[in-house]
Structures are given as structure tokens and as C-alpha cells.
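next come a sequence and a model predicted from it.
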Amino acid sequence: MTSFDTKTIITASLLMFATNAAVAQTAPVSNAQIMQRIMQMEQEIATLKQQLAAKESETQAQKLNHETVSQQLALVERKIEVQQEVAKATAAKTATVELNRQKGLLVTSPDKNLQIKLRGYAQFDARTFLNDKGNTGKDDFLARRLRPVLEVTAYQDFSFRLMPDFANTTRVFDAHADFRVLDSLQFRVGKFKPPLELERLQSAADMEFIERGHPTNFSPSRDVGFQLYGDIIPNVLEYQVGIFNGAADLANSDTDADDKKDYIARVFAHPFRNADTLLLQGLGVGIAGSIGDRDGSVGNTILGSYNTAGQQAFFSYLSTTYASGTHWRLFPQAYYYYNSLGVQLEYAISAQTVRNGANTAQLEHNAWQVSAGYVLTGEDNQYKGGVVPQNPFNPATNSWGAFEVLGRVGETKLDNATFPTFANNSLSANKASTVGTGISWYPNENFKFAINYDWTTFDGGAATVTNRPDENALVARTQFRF
């Protein structure tokens, strides 16, 4: 519709008046005709005014509607801003929770400055000693390890680890705090594994065999101390240097047994980690050692005893023998991992000065082991992390998990000067040699079922015959980890 205003109405009225005047000049008109024409013009003017008023009202309505829409839009925008502010404030108070196989249960603070990680594993064993001929081993079902693992990281560079064990008796195995200055300079203080023996440093949940081998007898399980460590060359060369209370061989120590300390150092290298040849990348070689003094007594011998793969003690000192002087250890070590193959090699020496009455000697014991595992189903073998099946167990899809076969040989040899002054050859063997094999099934990355057989022969260690009877240990394990 055409827009009308006051100017338009006046213009139209003048035009009509001019037209009427012109007509009047050309033809005579009556008064009635003039009045009729005037009334018609008045009607047209009134119609134009109505149309103008309606248009002005529509314009005003549109203006009011625009203002209303603008107000509503501003209100919606403010509501969105408030919701965003509330969401931001809520997020600032809400932690994120993640659960997976590698990290376990991970809770992260809103500002990302604090992380709490909860993991753990449980191991249940069945031990059977075949044809044991009077050996002390007994057939047994047992909870071997029940270990939750709590790890806390603050501001990325500060961390804490706590790992108790609830199997048989409750005891803390790991409790230490760490501080990272650089990847090459990190600090650890508390109770943890001394950096010595290769298989001992491997997590019990990652081990290929159910029980560790002969060199482990010469390394403490845990000790309390302070350690510097780090990667000199990332992923190529690492080191650990520390001072510890000085635990006996195979001991799990919570306190210092005397006023002496052990000094421990280890270097381990992957010399071909960055090589183009994949065949060489999985080679790792290293050496570790410790030295310290012992000041024992008959009531506090600070001496260890040594176990078989079936966890039966085959050697212990006389009760009147105790540590008295220098104790040093040396552990040359290596491993090799390539695709499904994993191999570990280690040699160990434990040289301890001992005393029994007026007799003193430094006894040098040695042990060695070579172990290997091969994953039949093609998955990667690795030192850390265990075997992760590519196809978890699911009969419906013809998936059966991963299978691994194992083999090892090893030996512990006691110093000949040990007998008979410091140990009784009728009760303790002076040598133990083991051949072992096994198979492991990994239905998925959390579950493992393994069977090991270890045959151990002895020199000495029996009262009525020359040698201690052979040990034929058949051990099965069910493991769950998360």
C-alpha cells in the first residue's frame, strides 16, 4: 500500500480544487453539484487521514515490537552468560575421573595440579611338590600378594607412592616421596626397592615366571634410604645412586639393623634404542653394585637365607654366625626384547664378612640365571607392562587371548669356606641348580593364569645322604590386575 502523510493530503486537495476550477470554467455547474463534489473530497480526505493514522499506528506497533524483541534477546543472552558462569564455577570445583588399564583409577583436580591414581593386583597360588621325598615343602593354596597401589602427583614434579601387602600379614612394601628437578635429576626418599637386581626391579605383576630366580637371593627386597636417579640420555641411559640403611640379602627392612649404611649405584643403557635396525633396539645392558659395613651380633645377625623357586630355604647360616665387616654386591645384567621374544641374563655376587666366635672370613657367593619367554600368539613381549592380548578372550568371536611359553636355567653357589665353620652342610646346600619351564595364558590385559615347573638339584644339604633331595615344584597362579 502507498504511504500517506499530511503533505500528500494537502497536495491532493489542491490538485482536486484546481481540477474543479478548470471544469467550472468550461461548463456551468449547479450549487448541488458543487456541494456533492465538496462532500466527495471531504470523504476522500477523511479516508486518507484514516489510512495515515493506521500507518502511523502500524509503525508505532513495529517500533514497540522491535523494542520487545531486543529486550527478550538481551535477556536470553544474559541467561546464557549466567549459565556459562555457573558451568565455569562448577567445573572449577569438579574433579575428572578416568579408568583404564594403564592408569587404573585416575582422579584429577580441576586445576590439573593434583592427581590421585589407584591401581593394584592380586595373586593366588597353588604349590605342589612332586615326589618330594621328605622335603620341607608342603602342598598349599595361598594368597601370594594382595597389593593396592596408591600414587599421588602434585604439580607434576612432586609425587608419592604407597603399596601395602595384605597377603598373610599386613606390611608396607613401598612408601616413598619423589621430586623431579629435571628428567636427569630426580630425588626419592622412603622405603622402596634398592636399584640392584634386574628381575627384582621388575614388578611382580609383570614377571614372566611365577617366582624370581637365583640372583634375587642376593638382593634386598626393600630398604629405606635416599636416591638420586634419572635419564642421562632419554630412553637410552639411566642411572640410580643412593644411600640406604643396609638390608641383608633377600630382606625386607623397615629400620636400620646397625649404625652402618649401604651405598648403591646402578647404570643401565639401551645402546641401540635409536638405531634404524629394529632388531637391536630392545637390547639393554647394565651393572649395579653396593658396598657397606655390617655390625651384627648373635641376636641380630643381619644375614639372609636363600630360597628355591618353590620358596623353600635351602641355605641359612649357623645361629651363632653373624655379619661383621664389609658387604659388597655386584650385578652385571642384560635383557633383550624383540617382538614376541623376551630374554633376561644376570650374574650376581654377594661377598659378606662374617664371624662365628673367633673365626672371621669374607665369603663370596655367586648366582646366575638365563630366562626366556616367547608369546605364541604374536603379541609384544616387554619388561614393563606384561603381555597385552590383541584379541581378548571371547569364544563367540573365536578369540582366546595370548599364550606364552617360558624356560630358564640358573644356579646359586656358596663359597666353599662357608662350611662347616659358618654353616652346616648337613642342613644347608652349598649349591642349588634349577631348570624351569612354564606356560602363561592372558585372556585379557587384566587377567593371567600361569603354570610353572622348576626342577632344582642340590649339592650337600642332607644329614643322612650326600645331597638334599631334588625339589620338583609345580606352581599355578591366578593373577588379576587393574
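Perfect, thanks for sending it.

so for Phe124, what's the pLDDT?
We have a pLDDT of 98 for Phe124.

isn't it right next to Thr478, touching?
Yes. The criterion here is CB atoms under 8 Å, and Phe124 meets it with Thr478 at 4.8 Å. (Each C-beta comes from the backbone N, C-alpha and C, glycine too.)

how is the protein carved up into domains?
The record assigns the chain these domain ranges, following automatic domain parsing: 6-91, 120-153+175-481.

in this protein, which residue is closest to the centre?
Closest residue to the average C-alpha location of the chain: Lys103 at 4.4 Å, with CA atoms, centre = their mean.

do you know how far that residue is from Asn359?
55 Å (CB to CB, to the nearest Å).

and what of Gln102?
Separation of Gln102 from Asn359 (CB to CB) stands at 54 Å.

and Arg119, by the same measure?
Arg119 sits 49 Å away from Asn359, going by CB to CB.

who's more crowded, these two?
Counted by other CB atoms under 10 Å, Arg119 and Asn359 do not tie: Arg119 has more neighbours, with 19 against 11.

now do the lengthiest helix in the chain: which elements does it pack against?
Counting by DSSP state H, the longest helix found in the chain is helix 31-91. Helices and strands touching helix 31-91, by 3 or more CB pairs under 8 Å, 6 or more residues apart in numbering; DSSP states H and E, are helix 6-26.

now the helix it packs on: average pLDDT?
Averaging pLDDT along helix 6-26 gives 50.

stretch 196-205 now?
The predicted model gives stretch 196-205 an average pLDDT of 97.

what is the end-to-end distance of it?
Counting by CA to CA, to the nearest Å, you get 19 Å between the two ends of stretch 196-205.

out of the domains of the chain, deepest packed?
Of these, the one with the most neighbours on average (mean count of other CB atoms under 10 Å) is domain 120-153+175-481, at a mean of 18.

can I assume Thr169 sits in a helix?
No. Going by DSSP: H, G, I helix; E, B strand; the rest coil, the assignment for Thr169 is coil, not a helix.

distance of it from Asn252?
Thr169 is 11 Å from Asn252, by CB to CB.

ok, now Arg127?
Distance of Arg127 to Asn252, computed by CB to CB: 20 Å.

correct me, but Thr153 touches Ser159?
Yes. Counting by CB under 8 Å, Ser159 is a contact partner of Thr153 at 4.6 Å.

give me the below-cutoff pLDDT ranges for this protein.
Scanning the chain for pLDDT under 70 picks out 1-29, 61-64, 90-92, 134-136.

tell me the phi and psi of the residue nearest to the centre of the chain?
Main-chain dihedrals, Lys103, degrees, to the nearest 10: phi -110, psi -10.

next up, the contacts around it.
For Lys103, the contacting residues are 117, 119, by CB atoms under 8 Å, 6 or more residues apart in numbering.

now Asn131
For Asn131, the contact set (CB under 8 Å, 6+ apart) comprises 470, 472.

same question, Val405
Here Val405 is in contact with 373-374, 376, 437-439 (CB under 8 Å, 6+ apart).

helix or strand: which one has it?
Assigned by DSSP states H and E, Val405 falls within strand 402-413.

ok, that strand: who's next to it in the sheet?
Strand pairing for strand 402-413, using DSSP bridges, gives strand 359-375 (antiparallel), strand 429-442 (antiparallel).

how far is that strand from where the chain is centred?
26 Å (CA atoms, centre = their mean, to the nearest Å).

bridged to Asn175, which residues?
To be clear, residue 175 is Ala; Asn isn't right here. Following DSSP bridges, Ala175 is listed with bridge partners Leu162, Lys191.

verify the stated contact: it with Gly190.
Yes. In this structure, Ala175 is within contact of Gly190 by CB under 8 Å, at 5.1 Å.

list phi and psi for Gly357.
Dihedral angles of Gly357 (phi, psi; degrees, to the nearest 10) stand at phi 70, psi -120.

nearest spatial neighbour of it, chain-adjacent residues omitted?
Nearest in space to Gly357, with sequence neighbours left out and distances taken as CB to CB, 6 or more residues apart in numbering, is Thr320 at 6.8 Å.

that neighbour is in what secondary structure piece?
Applying DSSP H and E, one finds Thr320 in no helix or strand.

ditto for Gly284
When elements are assigned from DSSP H and E, Gly284 belongs to strand 283-295.

elements contacting that strand?
If you count contacts as 3+ CB pairs under 8 Å, 6+ apart, strand 283-295 packs onto strand 237-244, strand 262-269, strand 322-338.

the residue nearest to Phe187 when sequence neighbours are not counted is in what secondary structure piece?
Closest residue to Phe187 apart from its sequence neighbours, by CB to CB, 6+ apart: Phe179 at 4.6 Å. Using DSSP H and E, Phe179 maps to strand 171-182.

before we move on, what about Tyr453?
Here Tyr453 is assigned to strand 447-460, by DSSP H and E.

paired strands for that strand, with orientation please.
strand 429-442 (antiparallel), strand 471-481 (antiparallel).

which residues are contacting the shortest one?
It refers to strand 471-481. Applying CB under 8 Å, 6+ apart, the contact partners of strand 471-481 are 119-132, 135, 137, 144, 205, 210-211, 308-310, 312, 314, 386, 446-456, 458.

before we move on, back to that, just checking, the residue nearest to Gly357 touches Asn359?
No. Counting by CB under 8 Å, Thr320 does not reach Asn359; the two are 10.0 Å apart.
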